[in-house]
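S.K.: the following comprises the amino acid sequence and a computationally predicted model.
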Amino acid sequence: MLEFRILAHLQTSDLRRDQSAPAPERPSTLASGLADHLLESARCFSELDAPTQDLLSALLQGDQPRAAAALREGADPDATEDGQAGSMTALMLAALDNLPEALESLIAAGADLEATDYQGWTALHHSAFNLRGDTFGALLRAGANPEARTQEGKLPADFLPDRPPSRKARFSH
């Protein structure tokens, strides 16, 4: 999520300098790679249509009414945060930040419940990992697959905390 916020900043910052100017020295290869990735992601985001950009921006700001309005204006419910495959989808962002109204709007607009990020996580995995009960339940009711596995073989339920023993189990000894 921080990466997306940085990308949005890069789109409007001075970093889009004149390409004919000499490039400043870069301190490391890692920094160079990260900067290149961020600039490419910002370019991909800027290629999204205006309603889709507004949808993603609204989700990142937690503005559920604006997200719903963007969907009504034709935003892509399966858009990714940086326009690239394997990135977090709008549905994952809503699940991650516990935005149940936005999540319901995305589901109604036909968002793919089984889309995965680069680790094979679905929106249900993100919701479970971040203990987002409202969105977890809504995703299950909408038909999200609780048996979907990440690249490491984890189910969404693997990220839920262990339930305390039931009262009956504690007193049956």
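M.R.: All right, it came through fine.
S.K.: count of residues packed around residue 47?
M.R.: As a burial measure, residue 47 scores 10 neighbours (other C-beta atoms under 10 Å). For the C-beta atoms, the positions are set from N, CA and C on the backbone; glycine is no exception.
S.K.: same check, this time on residue 161
M.R.: Residue 161 has 7 nearby residues by other C-beta under 10 Å.
S.K.: ok, now which ones touch it?
M.R.: Counting by C-beta atoms under 8 Å, 6 or more residues apart in numbering, residue 161 makes contact with residue 131.
S.K.: wait, is it part of a helix?
M.R.: No - looking at residue 161 with DSSP: H, G, I helix; E, B strand; the rest coil, it is coil, so not inside a helix.
S.K.: flag the shaky bits of the chain, pLDDT-wise.
M.R.: 1-46, 82-86, 163-173 (pLDDT under 70).
S.K.: so which residues of it form helices?
M.R.: Shown for the chain, the helices assigned by DSSP state H span residues 2-12, 29-46, 50-61, 64-72, 90-96, 100-108, 123-129, 133-142, 167-171.
S.K.: in the third one, which residues are buried?
M.R.: Going back to what we said before, that points to helix 50-61. 51-60 (16 or more other C-beta atoms under 10 Å).
S.K.: first-to-last residue distance for stretch 54-74?
M.R.: For stretch 54-74, the first-to-last residue distance is 11 Å (C-alpha to C-alpha, to the nearest Å).
S.K.: nope, stretch 138-155 is what I was after
M.R.: Across stretch 138-155, the terminal residues are separated by 17 Å (C-alpha to C-alpha).
S.K.: now the buried residues of helix 50-61 as JSON lines including distance to residue 150?
M.R.: Shown next, in JSON lines, are those (distance: C-beta to C-beta, whole Å):
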{"residue": "51", "distance to residue 150": "31"}
{"residue": "52", "distance to residue 150": "26"}
{"residue": "53", "distance to residue 150": "29"}
{"residue": "54", "distance to residue 150": "30"}
{"residue": "55", "distance to residue 150": "25"}
{"residue": "56", "distance to residue 150": "23"}
{"residue": "57", "distance to residue 150": "28"}
{"residue": "58", "distance to residue 150": "27"}
{"residue": "59", "distance to residue 150": "22"}
{"residue": "60", "distance to residue 150": "23"}
